[in-house]
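Visitor: the following block contains a protein sequence and its predicted model.
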Amino acid sequence: MSMYWFNSGSVDLVPQISATVYHFKTTGSTLTFNLPPAEVGDIRIAAVASIRAYVTSRPPTGWVTIQDNGSWSNNNLFVFGRAKQAGDPDAVSWATAGYDSEFIVFVAVLPKVAPVPNASAKSEGTGLTWPTPAVTTTVPNCLILRYAVSSGTGVTEIAWGSDVESIFSYTIADKVTLGVAIQKARDPGVYAAVNAGQPASRRFSTTTVAAASID
């Protein structure tokens with residue numbers, strides 16, 4: 001069943017996230033967890049924040065890479081998507097390979113959306129503000145998801161501007177932090193970069209994904 005935001009008595013056709021789950025790993029190479037509940041055809045989008053780009057994320061079978069963002073010496077941000085299929089297991093195992101084992105996984109469920117993305121982009125760099133990239137949507141009623149990751153000693157939760165809604169933030173102390181925000185895109189067109197950030201200048205990786213409604 002599709003879920004919507006209601007505004008002034010009218011139906012808002014921008015998709016709404018129906019369920020989320022997050023998990024993290026500080027040791028070992030594999031993390032096994034239950035995915036959030038979904039109906040057949042719902043799109044699950046998973047963001048994986050790792051402490052270094054040379055930590056390679058190995059998703060379960062059938063997940064499609066939307067963006068893989070980061071440089072050899074920088075933190076990395078992977079975003080994957082998969083439509084729920086009949087018979088899919090509730091539990092999945094996510095694996096990494098590399099020098100550092102810490103990573104965070106955040107999974108969101110989007111009912112009634114087209115296979116993602118309608119648009120996506122990525123960025124990385126160093127600074128106090130971290131632009132999550134602009135995207136150009138081609139159809140009305142998209143939900144834009146913006147992801148940001150940073151790592152290092154003293155890393156804290158990620159701050160967002162007032163033009164987006166923060167829906168998730170988690171930090172493994174002195175290791176890695178992941179933040180997620182959403183934005184409604186009712187009309188097709190260009191949606192400008194939105195800054196995330198922290199009080200201290202840090203390396204960052206960001207990704208923006210737009211999911212289109214099929215209603």
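Guide: In hand now; what should we look at? Residues are numbered from 1 along each chain as shown.

Visitor: G81 - nearest residue in space that isn't next to it in sequence?
Guide: The spatially closest residue to G81, leaving aside those adjacent along the chain, is V116, at 4.6 Å (C-beta to C-beta, 6 or more residues apart in numbering). No exception for glycine: its C-beta is placed from N, CA and C like everyone else's.

Visitor: tell me the buried residues in stretch 115-123?
Guide: Going by neighbour count (16 or more other C-beta atoms under 10 Å), the buried part of stretch 115-123 is 116-123.

Visitor: quick one: residues in contact with that stretch.
Guide: 43, 45, 66-67, 69, 77, 79, 81, 83, 110, 130-139, 142, 193, 205-212 (C-beta atoms under 8 Å, 6 or more residues apart in numbering).

Visitor: send me stretch 121-128 as PDB with only the CA atoms.
Guide: Taking C-alpha atoms only, stretch 121-128 is exported to PDB below (Å, rounded to 0.1, in the frame of the first residue of the first chain):
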ATOM      1  CA  ALA A 121      25.100  12.500  -8.900                       C
ATOM      2  CA  LYS A 122      28.100  12.400  -6.600                       C
ATOM      3  CA  SER A 123      30.700  14.700  -5.100                       C
ATOM      4  CA  GLU A 124      33.700  14.600  -2.800                       C
ATOM      5  CA  GLY A 125      36.200  17.000  -1.300                       C
ATOM      6  CA  THR A 126      37.400  18.700   1.900                       C
ATOM      7  CA  GLY A 127      35.800  21.500   3.800                       C
ATOM      8  CA  LEU A 128      33.300  22.800   6.400                       C
END
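
Visitor: what's the mean pLDDT across that stretch?
Guide: For stretch 121-128, mean pLDDT rounds to 88.

Visitor: how far away is the most centrally placed residue in the chain from F106?
Guide: By C-alpha atoms, centre = their mean, the chain has its centre lying nearest to A47, at 4.0 Å. Relative to F106, A47 is positioned 5 Å away (C-beta to C-beta, to the nearest Å).

Visitor: okay, and the common contacts of these two?
Guide: 178, 180.

Visitor: next secondary structure element downstream of the least confident helix or strand in the chain by mean pLDDT?
Guide: Least confident helix or strand of the chain, by mean pLDDT, DSSP states H and E, is strand 4-7 with a mean of 36. Note on strand 4-7: by DSSP states H and E, the next helix or strand toward the C-terminus is strand 10-15.
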